[in-house]
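Peer 1: any chance you could fold what I've pasted below:
(one chain, ligands or ions: 1)
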Amino acid sequence: MTRIASRVSQLHGEGALAVYSRAKELERQGRSIIHLELGEPDFHPAAPVVDALRNAVAAGRDRYCSTRGLPALRAAIADYLQRTRGLDVAAEQVLVAPGCKMALSLAMMALIEPGDEVLFPDPSFPIYPSFTRGLGATAVPYGLEEKNKFQPDPDEIARKITPPTTVLIFNSPNNPTGTVFSDAVLEKLAGLATKHDLWVLADEIYARILFSGEYKSIWSLAGMAERTVIVDGFSKSFAMTGWRLGYAVAPVEVIEAMDLLVLNTFTCAAEFTQVAAIEALGDSTNAVEAMVAEYRKRRDQFVAGLNKIPGFRCQAPDGAFYAWVNIENTGLSAEEVQKLLLEEAGVAGIAGAAFGQGGKNYLRFSLVSARNLLAEALERIHRVSLHWRAAVSR
Ligand SMILES: Cc1ncc(COP(=O)(O)O)c(C=O)c1O
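Peer 2: Numbers count the residues shown, from 1 in each chain. The predicted structure follows:
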């Protein structure tokens, strides 16, 4: 009898896409919707990057190419990580993939065995537990709680490490909380990984979108370069979501394993996007700095406004481009608030359970719309808050 492999039933989808579909349906009915549901920048790549892509296609750079990525791009990524994160990385330790998510799944396929336990933050990117389960392993959440300013509690993680634990996943700045893991936390996580001989899978996709200080990668801590896999990409920092380009940085034996997976699946990332990505990394127009400055303004404006809405409570994120709002004082569930906002106010945000159980009293808004739209969204939310205002003042 024909059947679908059982691993697929272990996977789940992304909540943002369901809200997006409903929002699009409302738009088709003529409703005005402010889209704050997807993690997709409203910026586009800088003009020289687009020119580089066009020139690359015109020059015939549209062939199969190296499975690990163009040598020039791998070298440019190593150099970029040195310049922007102070990391000592060799080009041989870099592998290019179509998207950070693909780099993440290749790394997970290379490192996780059925029966392993994998620690992941709750709330976080839903793919971590989903793909872990798809690989036949057990996903073990550790909390990012408001009372700890959404920093993980290393003691909780230590308690959850058991003999089958092999991988510790984290994401800093975190989607959806915006938390940048503190130096003290990173030191403790590194200590635990060393003590228990774990791989660390560090998703650094938001490393450039930082509102203060310098980014510190766990890779740079003593002894960590040999047990860390960084995944990152061009989607967020360079506003290149649809270009599908990301990379992993890892010890060479991990890169070799991932390379074999590439050869058995997608063969290579597109050559012309890789050529243009070298231009993006050079950032000749300082596009990243300008984009982060704009995100900072949006954050300041939107978080201040959200905190004025009865029943809402929001800490300012230190990085990434999300507002993570506690709604428990509204007396409604996050799903009810999500629905009211979308159906009555035309504001699309996501109920936090899409990011794990730890998100059940929260909503996530992406700061990916212009400030005038964010101001309009605040006004609309304020209007709809009539539905729960009475409950808050009781
Ligand atoms: C934490 C995290 N990792 C990875 C990704 C996916 O990145 P890419 O578009 O490069 O696959 C996202 C996108 O939302 C994300 O939030």
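
Peer 1: okay, CA-based contacts and neighbour counts for the rest of this
Peer 2: Noted.

Peer 1: can you report how many residues neighbour the closest residue to the ligand within the stretch 251-394 of the chain?
Peer 2: At 8.7 Å from the ligand, residue 320 is the closest residue in the stretch 251-394 of the chain, using Cα to the nearest ligand atom. Residue 320 has 31 neighbours, counted by other Cα atoms under 10 Å.

Peer 1: domain ranges for this structure, per the record?
Peer 2: By the record's domain assignment, the chain is partitioned as 6-44+287-393, 47-282 (automatic domain parsing).

Peer 1: need those in JSON lines (columns: mean pLDDT).
Peer 2: Putting the domains of the chain into JSON lines (pLDDT from 0 to 100) gives the following:
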{"stretch": "domain 6-44+287-393", "mean pLDDT": "95"}
{"stretch": "domain 47-282", "mean pLDDT": "98"}
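
Peer 1: what's near enough to touch the nearest residue to residue 165 once chain neighbours are set aside?
Peer 2: Closest residue to residue 165 in three dimensions, ignoring its sequence neighbours and counting by Cα to Cα, 6 or more residues apart in numbering: residue 117, at 4.3 Å. Going by Cα atoms under 8 Å, 6 or more residues apart in numbering, residue 117 touches 137-140, 162, 164-167.

Peer 1: tell me the buried residues in the helix or strand hosting residue 304?
Peer 2: In this structure, residue 304 sits in helix 287-306 according to DSSP states H and E. Of the residues in helix 287-306, those with enough neighbours to count as buried (16 or more other Cα atoms under 10 Å) are 287-288, 291-292, 295-296, 298-299, 302-306.

Peer 1: just give me the closest of those to residue 315.
Peer 2: Distance to residue 315 across these (Cα to Cα) is lowest for residue 303, with 7.3 Å.

Peer 1: in three-state terms, label residue 31 for me.
Peer 2: For residue 31, the assignment made with DSSP: H, G, I helix; E, B strand; the rest coil gives coil.

Peer 1: hmm, it is touching residue 345, no?
Peer 2: No - with contacts counted by Cα atoms under 8 Å, residue 31 stays clear of residue 345, the gap being 9.8 Å.

Peer 1: more neighbours: the two, which one.
Peer 2: Between residue 31 and residue 345, residue 345 has the larger neighbour count (other Cα under 10 Å), namely 23 against 15.

Peer 1: what's the neighbour count on residue 189?
Peer 2: Residue 189 is flanked by 22 other residues according to other Cα under 10 Å.

Peer 1: name the element it belongs to?
Peer 2: Assigned by DSSP H and E, residue 189 belongs to helix 183-195.

Peer 1: and the contacts of that helix?
Peer 2: 151-154, 158, 168, 198-200, 216, 218, 221, 223-224.

Peer 1: now do 7 Å
Peer 2: When contacts are taken as Cα atoms under 7 Å, 6 or more residues apart in numbering, the neighbours of helix 183-195 outside the stretch itself are 154, 158, 199-200, 218, 224.

Peer 1: may I see the buried residues of it?
Peer 2: Going by neighbour count (16+ other Cα under 10 Å), the buried part of helix 183-195 is 185-186, 188-194.

Peer 1: for stretch 257-277, same thing?
Peer 2: Judged by neighbour count using 16+ other Cα under 10 Å, the buried positions of stretch 257-277 are 258-259, 261-262, 267-277.

Peer 1: from these, which two are the most distant?
Peer 2: Using Cα to Cα, the pair of the buried residues of stretch 257-277 lying farthest apart is 261 and 276, separated by 24.4 Å.

Peer 1: the chain: helices as residue ranges?
Peer 2: 15-28, 47-58, 71-85, 100-111, 127-134, 154-160, 183-195, 252-264, 271-282, 287-306, 334-340, 371-384, 386-393 (DSSP state H).

Peer 1: of all those helices, which lies closest to residue 325?
Peer 2: Where the helices of the chain are weighed against each other on Cα to Cα, the nearest is helix 287-306, at 7.9 Å.

Peer 1: and that closest one with helix 271-282, angle?
Peer 2: Using axes from the mean of the first three to the mean of the last three Cα atoms, to 10 degrees, one finds that helix 287-306 and helix 271-282 are set 80 degrees apart in direction.

Peer 1: how distant is helix 287-306 from the center of its chain?
Peer 2: The offset between the C-alpha centroid of helix 287-306 and the centroid of the whole chain comes to 17 Å, using Cα atoms, centre = their mean, to the nearest Å.

Peer 1: what does stretch 212-222 give?
Peer 2: Counting by Cα atoms, centre = their mean, stretch 212-222 is centred 17 Å from the centre of its parent chain.

Peer 1: straight-line length of it, end to end?
Peer 2: End-to-end distance of stretch 212-222: 24 Å, with Cα to Cα, to the nearest Å as the criterion.

Peer 1: same deal with stretch 206-215?
Peer 2: Between the opening and closing residues of stretch 206-215 lies a distance of 10 Å (Cα to Cα).
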